[in-house]
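Colleague: sequence isn't available, so here's the structure alone:
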């Protein structure tokens, strides 16, 4: 009898721990890790100079705007075998001032631009950088004026660690300013999509009917990102199918289409101004302002 009672008590304790973990757990993990894999040979000098100034400032500004997020950055620089170094690494840190100090001291020099040495740098970014475990966003930005193509093995290595790789090639680096803007925009877009997909702004507690009722009674809304925009925006819909209308400031319909979950909207041919995106279904009508800039 005692053995049976002990077994029951042990089972209850186990279930209690499991319930506590499930009730407190959430898929939202407000943390992002970014590694910059940079070709540091001489032809990259203009880009390196832009990174040393604009990127550092933009990263600190982003962290200020997203104060509830932990933003960590690292860097791996690579050159050619006969230069000062083949690879140089700055380990992942959430201290963006230290990251900025490191970046400001770097410079691009030398020649050769052997694309083969990209592989050495990539391996260092995968294996040498201390990425944290978890489902939070992880980004690897590759900056090189060579044509960089990832092999199947490199793609698999990134996928195994849930690292998204974005390559900024020579064709994208004719002007250094847009590159830094593209980097920051990619970070902002990744954070925004992660928050939306994981419902980061909603409190999730298992088996609490009052919380469930509160969520159901909350105002239904939808999101437009980025806004303002110059060429394209993404509309994130509430659950279900919706009819979308794009109207100008005078209420004239410009386009109409149906969407579910999310939709990319091309506004590249529209003049600057204020527009309205209206979505509706059998029960709801919602409207949000969209600003197009040139």
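Modeller: That came through fine. All figures in this text were calculated on a predicted structure; none of them were measured in a lab.
Colleague: show the end-to-end separation of stretch 47-55, please.
Modeller: In stretch 47-55, first residue to last residue: 10 Å (Cα to Cα, to the nearest Å).
Colleague: and stretch 130-137, by the same measure?
Modeller: End-to-end span of stretch 130-137 (Cα to Cα): 14 Å.
Colleague: run the chain-centre distance for it.
Modeller: Offset of stretch 130-137 from its chain centre (Cα atoms, centre = their mean, to the nearest Å): 13 Å.
Colleague: cool, stretch 179-197 as well?
Modeller: Offset of stretch 179-197 from its chain centre (Cα atoms, centre = their mean): 4 Å.
Colleague: neighbours around residue 27, how many?
Modeller: Other residues near residue 27 number 11, with proximity taken as other Cβ atoms under 10 Å. Bear in mind the C-beta positions are built from the backbone N, C-alpha and C, glycine included.
Colleague: quick one, grab the pLDDT at the closest residue in space to it that isn't next to it in sequence.
Modeller: Using Cβ to Cβ, 6 or more residues apart in numbering and skipping residues adjacent in sequence, the residue nearest residue 27 is residue 198, 4.7 Å away. You'll see residue 198 listed with a pLDDT of 85.
Colleague: cool, and the one 4 residues further on?
Modeller: What the model reports for residue 202 is a pLDDT of 56.
Colleague: run through the stretch 101-250 of the chain and note the low-pLDDT ranges.
Modeller: Within the stretch 101-250 of the chain, the segments meeting pLDDT under 70 span 111-116, 169-178, 201-220.
Colleague: measure the residue nearest to residue 27 to residue 137 for me?
Modeller: Distance, residue 198 to residue 137, using Cβ to Cβ, to the nearest Å: 10 Å.
Colleague: who's more crowded, those two?
Modeller: Neighbours of residue 198 and residue 137, each counted by other Cβ under 10 Å, are more numerous for residue 137; the result is 20 against 17.
Colleague: residues touching the more buried one, list them.
Modeller: Residue 137 makes contact with 31-33, 164, 190-191, 194, according to Cβ atoms under 8 Å, 6 or more residues apart in numbering.
Colleague: count residues in the vicinity of residue 237, would you?
Modeller: 19.
Colleague: please disregard the earlier target; I meant residue 282.
Modeller: Residue 282 has 7 neighbouring residues, counting by other Cβ under 10 Å.
Colleague: helix/strand/coil for it?
Modeller: Using DSSP: H, G, I helix; E, B strand; the rest coil, the structure places residue 282 in coil.
Colleague: please begin residue numbering at 39 from this point
Modeller: Understood, numbering begins at 39; the last thing we discussed is residue 320.
Colleague: show the pLDDT at the closest residue to residue 130 other than its chain neighbours.
Modeller: Among residues not flanking residue 130 along the chain, residue 112 sits closest, at 4.0 Å (Cβ to Cβ, 6+ apart). At residue 112, the pLDDT value in this model is 95.
Colleague: roughly how far does the residue nearest to residue 319 when sequence neighbours are not counted sit from residue 233?
Modeller: Nearest non-adjacent residue to residue 319, counting by Cβ to Cβ, 6+ apart: residue 280, 5.5 Å away. For residue 280, the distance to residue 233 equals 20 Å [Cβ to Cβ].
Colleague: out of those two, name the residue with the larger neighbour count.
Modeller: More crowded of residue 280 and residue 233, by other Cβ under 10 Å: residue 280, with 21 against 16.
Colleague: quick one: contacts for the more buried one?
Modeller: Residue 280 neighbours (Cβ under 8 Å, 6+ apart): 260, 296-298, 317-319.
Colleague: switch the cut-off to 6 Å
Modeller: Applying Cβ atoms under 6 Å, 6 or more residues apart in numbering, we find residue 280 in contact with 297, 317, 319.
Colleague: can you report how many residues neighbour the second one?
Modeller: When neighbours are defined as other Cβ under 10 Å, residue 317 has 22 of them.
Colleague: if we ignore the residues flanking it in sequence, what's nearest it?
Modeller: Here the residue nearest residue 317, using Cβ to Cβ, 6+ apart, is residue 280, at 4.3 Å.
Colleague: quick one: that neighbour is in a strand?
Modeller: Yes. With three-state DSSP as the criterion, residue 280 is located in a strand.
Colleague: wait, the residue nearest to residue 130 touches residue 169, no?
Modeller: No. Between residue 112 and residue 169 there is no contact under Cβ atoms under 6 Å: 8.7 Å.
Colleague: more neighbours, the two?
Modeller: residue 112 (22 against 18).
Colleague: thanks a lot, catch you later.
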